[in-house]
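Need a 3D model of the following:
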Amino acid sequence: MRKFFTGLWRVTTFPFRLIFNIIAFPFRGTARFVRFLNTEPEERPIGEVFVDLATNSDARQMMWDQVEVLRMHILRALIVLSLAVIASFWFAEALMEFMAAPVGGLEKLQSIGPTESIGVFMRVALMAGIAIASPYIAFEIWLFAAPGLHVREKKLGLIGIPLAALFFVAGMAFTFQYLLPPAIDFLKNFTSITQAWTAKDYFALITNLMLWIGVFFEFPLVIYVLTAMGIVQPKFLAEQWRIAIVIIAVIAAAVTPTVDPVNQGLVMLPMILLYFISIGLSYIAYAGRNRVNAAVEKEELETEAE
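Residues are numbered from 1 along each chain as shown. This is a model prediction of the structure:
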């Protein structure tokens, strides 16, 4: 009889419990996320970790568990990227028309293979999908690394996610607006040979350039976050600026669509400026980290004195 009334009670109250759980779900999720955000990691020397991996089967199992967690983060990021690419199909052709404006529109390009137009369409949709999904991909990266970060580092990384997406899109826009027009003019007027560009080569050129420069635009933000975490020192960046310029020149030569020094300089200039901006942001983050550490040490001394 007791089981009967218990089952009857569960069946009767199920709709109400379901509604309550639906209403309470976002509040519970927010509370869990806040606890996660304010939880300090367990401090362990790196040498002790390697010793445990070599001698302790439980530690090795924990490592494989982390590999499985990483696999799930990558899988979710790929699923979201796939959905973003599929969503980009709705406006990919309009985006292709916009991107072909420097050469006079899509009608100025030609396709010499039966599948070339499909390949170009997919390339542009993939680029748009990466731009759309970049905040979530950055969030998955942060979510995997967050359990090993301190509270301040977690919050800095979380704040940096929308900024990273903004910098990425800004880099792509900067490339299309300021770097592509002179590069296209140079390629069109280099010789008197009649130009008949294929859509495949043209869109491969501009999508590669836009994606790479978009990634480079995130460098100041990455340096700021790494400095705030204590991984990068601004003094090192300032002392190695000559080597950084050489590396930038090599990267610019690999990324620039032309071999002339003018267009390579157009790519190098924003990259060099971004490097020096990164140094300034690194000093700001370093000073902020020192203030926080000093405040924590002062609080600890006051607690011990009590």
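
contacting residues around the spatially most central residue of the chain?
Nearest residue to the geometric centre of the chain (Cα atoms, centre = their mean): residue 138, 4.3 Å. By Cβ atoms under 8 Å, 6 or more residues apart in numbering, residue 138 lies in contact with 160-161, 164-165. To be clear about C-beta, it is placed using only N, CA and C from the backbone, and glycine gets the same treatment.

could you dump those to a markdown table with distance to residue 109 and secondary structure?
Formatted as a markdown table, the contacts of residue 138 follow (distance: Cβ to Cβ, whole Å; DSSP: H, G, I helix; E, B strand; the rest coil):
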| residue | distance to residue 109 | secondary structure |
| --- | --- | --- |
| 160 | 38 | helix |
| 161 | 36 | helix |
| 164 | 33 | helix |
| 165 | 30 | helix |
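
which one of the residues you listed sits closest to residue 146?
residue 161 (11.2 Å; Cβ to Cβ).

quick one: the helices in the stretch 151-300 of the chain?
Assigned helices in the stretch 151-300 of the chain, in chain order: 151-174, 180-189, 199-216, 219-228, 234-239, 241-255, 261-305 (criterion: DSSP state H, counting those that start in this stretch).

Just the pLDDT at the residue nearest to the centre of the chain, thanks.
With respect to pLDDT, residue 138 has a value of 85.

What's the first helix or strand after the least confident helix or strand in the chain by mean pLDDT?
Within the chain, confidence by mean pLDDT, DSSP states H and E is lowest for helix 46-55 among all helices and strands, at a mean of 53. With elements assigned by DSSP states H and E, the helix or strand that comes after helix 46-55 is helix 57-88.

what about that following helix, average pLDDT?
Helix 57-88 comes out at a mean pLDDT of 82.

Then stretch 144-156?
Stretch 144-156 comes out at a mean pLDDT of 74.

Could you do stretch 228-240 as well?
The average pLDDT for stretch 228-240 rounds to 79.

Show residues contacting that stretch.
149, 152-153, 156, 223, 226-227, 244, 275, 278-279, 282-283, 285-286, 288-289.

Which positions in that stretch come out as buried?
The neighbour-count check on stretch 228-240 (16 or more other Cβ atoms under 10 Å) flags 228-229, 232, 234, 237 as buried.

next one: stretch 265-276
Neighbour counts over stretch 265-276 (16+ other Cβ under 10 Å) mark 266-268, 270-272, 274-275 as buried.

State the pair within the residues you listed that is farthest apart.
266 and 275 (15.8 Å).

burial count for residue 189?
Residue 189: 9 surrounding residues under other Cβ atoms under 10 Å.

For it, give its distance to residue 207.
23 Å (Cβ to Cβ, to the nearest Å).

Confirm that residue 39 sits in a strand.
No: counting by DSSP: H, G, I helix; E, B strand; the rest coil, residue 39 is located in no strand; its state is coil.

hang on, it packs against residue 151?
Yes: the criterion here is Cβ atoms under 8 Å, and residue 39 meets it with residue 151 at 7.5 Å.

Tell me where the model's unsure across the protein.
Applying pLDDT under 70 to the chain flags the ranges 1-9, 11, 14, 40-65, 148-149, 229, 256-260, 262-263, 292-293, 295-306.

Go through the helices of the stretch 151-300 of the chain and name the closest to residue 123.
helix 199-216 (5.6 Å).

So what touches that closest one?
With contact meaning Cβ under 8 Å, 6+ apart, helix 199-216 is reached by 96, 99-100, 103, 106, 109-111, 113, 116-117, 119-120, 123-124, 127, 130-131, 167-172, 174-176, 179-180, 183, 251, 255-257, 267, 270-271, 274.

How far does it sit from its chain's centre?
The chain centre lies 17 Å from the centre of helix 199-216; the measure is Cα atoms, centre = their mean, to the nearest Å.

now stretch 139-155
14 Å.
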